[in-house]
Every structure is written in structure tokens, then in C-alpha cells.
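> here you go, sequence then predicted model.
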Amino acid sequence: MLMAHPTTLRHLVRSYEKARAAHARAGTKESGRRLEDAMYTLCVSTGTRTAEDALTAAGRQLAAAEGAAAGPGGLATAV
């Protein structure tokens, strides 16, 4: 399975969270469309079908990427 770069994935999660908050405040068709777009993109990028599953998968992928960036003994290495 293809995986989004961690920087891209972080951006997608932030975009989804911002769209969700904006829709909760505004509740308009436009804010709903933006939320749907953000959710769709996050789901496609994580290979999932729901926002909850996408956020869970993104969290796992980001944690794995952070672990891979740490060298032996937990020290960060240049990536």
C-alpha cells in the first residue's frame, strides 16, 4: 500500500480538523463540502473509508514514521 509522506499526512489531518471545527461553527453547505473534501482526501491517503478510521491510521503511520526516524537507542537521526 502506498503511504503518504509524514509531512503531507500531518497537513491532511490538520486540514480535516480545521474543516470539522469550521463546519461545527458555521454549519453551511460550503463548510460541509469542505469537510467532506478533507475527509475524502484523508481517507484516500490512509486507505480507509471513515474519518475515524483515517485518523486512527494516520496516527499509527505518524507514530511509525517518528519511530523510524529515531536511530539506535531512540536517538533521532538526520533524515
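Looks like it arrived, so ask away.
> pull out the buried positions in the longest helix along the chain.
Ranked by residue count and defined by DSSP state H, the top helix of the chain is helix 6-26. Using 16 or more other Cβ atoms under 10 Å as the burial criterion, the residues of helix 6-26 that qualify are 6, 9, 12-13, 15-16, 19-20, 22-23. For every residue, glycine as well, the C-beta is placed using N, CA and C.
> now those residues as a markdown table including pLDDT?
Formatted as a markdown table, the buried residues of helix 6-26 follow (pLDDT from 0 to 100):
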| residue | pLDDT |
| --- | --- |
| 6 | 96 |
| 9 | 97 |
| 12 | 97 |
| 13 | 98 |
| 15 | 98 |
| 16 | 98 |
| 19 | 98 |
| 20 | 98 |
| 22 | 98 |
| 23 | 98 |
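> please tabulate those residues in TSV, including the columns distance to residue 44.
Compiled in TSV, the buried residues of helix 6-26 are given as follows (distance: Cβ to Cβ, whole Å):
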residue	distance to residue 44
6	17
9	12
12	9
13	13
15	13
16	12
19	15
20	17
22	21
23	19
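> wait, which of the residues you listed is closest to residue 47?
Set against residue 47, the nearest of the buried residues of helix 6-26 by Cβ to Cβ is residue 9 (11.9 Å).
> residues touching the closest one, list them.
By Cβ atoms under 8 Å, 6 or more residues apart in numbering, the contact list for residue 9 reads 3, 45-46, 58, 61-62.
> what two of those are the furthest from one another?
For these, the maximum inter-member distance is 11.8 Å, found between 45 and 62 (Cβ to Cβ).
> ok, the residue nearest the centre of the chain to residue 55 distance?
Residue closest to the average C-alpha location in the chain (Cα atoms, centre = their mean): residue 13, at 3.1 Å. As judged by Cβ to Cβ, to the nearest Å, residue 13 and residue 55 stand 7 Å apart.
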